[in-house]
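Participant: Only the shape, not the letters, is given here:
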């Protein structure tokens with residue numbers, strides 16, 4: 001009896017080790033750096049790419065089928081726009097990193113550690129947050145009291161998780177079973193939340209993306225549209241990443257257009273030249289046209305309840 005007990009105790013850590021190995025493989029998929037290769041025959045589909053914190057598939061594909069969205073980055077040019085236009089009914093917005101400091105979006109994406117970002121983003125149930133699944137157990141940081149909270153990312157409302165890969169390959173970018181955010185240093189470096197955000201918008205069914213605050217340049221005097229200092233090394237690093245992203249988006253654009261997934265830059269002075277420029281006002285008109293240019297304040301309700309469907313088809317009750 002005593003020997004059996006000792007045997008079980010000896011075997012338990014080995015079994016636990018195997019469980020952990022399975023868990024690591026399940027979290028990463030095929031490998032930490034690689035995504036899903038798009039096979040020649042389209043009947044083979046990737047596994048679901050969005051999850052709950054317990055790794056249950058959460059299928060949100062085509063939630064916004066064929067619609068448009070404004071993607072709001074951190075560039076200072078965003079401060080020059082009329083933000084009230086973005087608050088109109090029918091306008092879908094996605095923010096990056098700390099851009100919600102100046103505008104609260106409908107959707108939000110981050111890839112870095114959660115303590116980099118405002119706690120109000122995490123606590124806001126009206127913002128759908130897309131976050132790498134490895135951050136679920138990490139604590140939220142209170143930038144007012146300058147201390148970590150007991151609250152974890154996984155305790156926050158309306159959070160959707162994704163798996164990342166860090167080996168950029170343009171031809172499979174739109175179809176991988178995980179979300180690429182650039183390259184690991186072993187593959188040339190240069191990672192960005194913007195890559196992840198654009199991929200997630202595609203998964204959600206968005207087919208027109210209008211870029212705001214994508215300036216692709218940083219200096220000692222022009223950093224963000226919110227308060228944040230950057231040291232010289234960080235500024236140089238960001239500018240280098242912008243150059244890499246220009247090349248990657250140029251490589252991606254033909255694959256985007258093949259799927260009728262179009263990206264426009266609404267900043268005429270942006271250093272991102274891979275996408276065509278479209279004035280903000282024109283982009284807004286396009287988006288509101290998808291909403292049928294409805295004037296929600298004067299939209300008619302009279303007669304909707306008491307006019308039968310048959311009579312409506314006959315034009316009665318106008």
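Facilitator: Received, thanks. In this text the structure is predicted, and so the values were computed from the model without any measurement. Residues are numbered from 1 along each chain as shown.

Participant: Would you map the helices across the stretch 1-150 of the chain?
Facilitator: Using DSSP state H, counting those that start in this stretch, the helices of the stretch 1-150 of the chain run over 2-28, 83-86, 119-123.

Participant: How about the shortest one, which residues are buried there?
Facilitator: With burial defined by 16 or more other Cβ atoms under 10 Å, the residues of helix 83-86 counted as buried are residue 86. To be clear about C-beta, it is placed using only N, CA and C from the backbone, and glycine gets the same treatment.

Participant: Give me the residues contacting it.
Facilitator: Surrounding helix 83-86, the residues in contact under the criterion Cβ atoms under 8 Å, 6 or more residues apart in numbering are 70, 91, 93, 102, 103, 280, 284.

Participant: Now rank these by neighbours and give me the top one.
Facilitator: Ranked by neighbour count (other Cβ atoms under 10 Å), the contacts of helix 83-86 have residue 70 at the top, with 26 neighbours.

Participant: Measure how buried the closest residue in space to residue 286 that isn't next to it in sequence is and give me the count.
Facilitator: For residue 286, the nearest residue in space outside its immediate sequence neighbours is residue 68; the separation is 6.5 Å by Cβ to Cβ, 6 or more residues apart in numbering. Residues near residue 68, counting by other Cβ under 10 Å, number 24.

Participant: same check, this time on the one 5 residues further on
Facilitator: As a burial measure, residue 73 scores 26 neighbours (other Cβ under 10 Å).

Participant: and if you look at residue 52?
Facilitator: By the other Cβ under 10 Å criterion, the neighbourhood of residue 52 contains 14 residues.

Participant: I'd like the distance between it and residue 160.
Facilitator: From residue 52 across to residue 160, the span is 8 Å (Cβ to Cβ, to the nearest Å).

Participant: Would you mind grabbing the residues shared as contacts by those two?
Facilitator: Jointly contacting residue 52 and residue 160 under the rule Cβ under 8 Å, 6+ apart are residue 58.

Participant: got any ranges where the stretch 201-318 of the chain has weak pLDDT?
Facilitator: For the stretch 201-318 of the chain, the stretches flagged by pLDDT under 70 are 218-220, 223-226, 229, 233, 237, 239.
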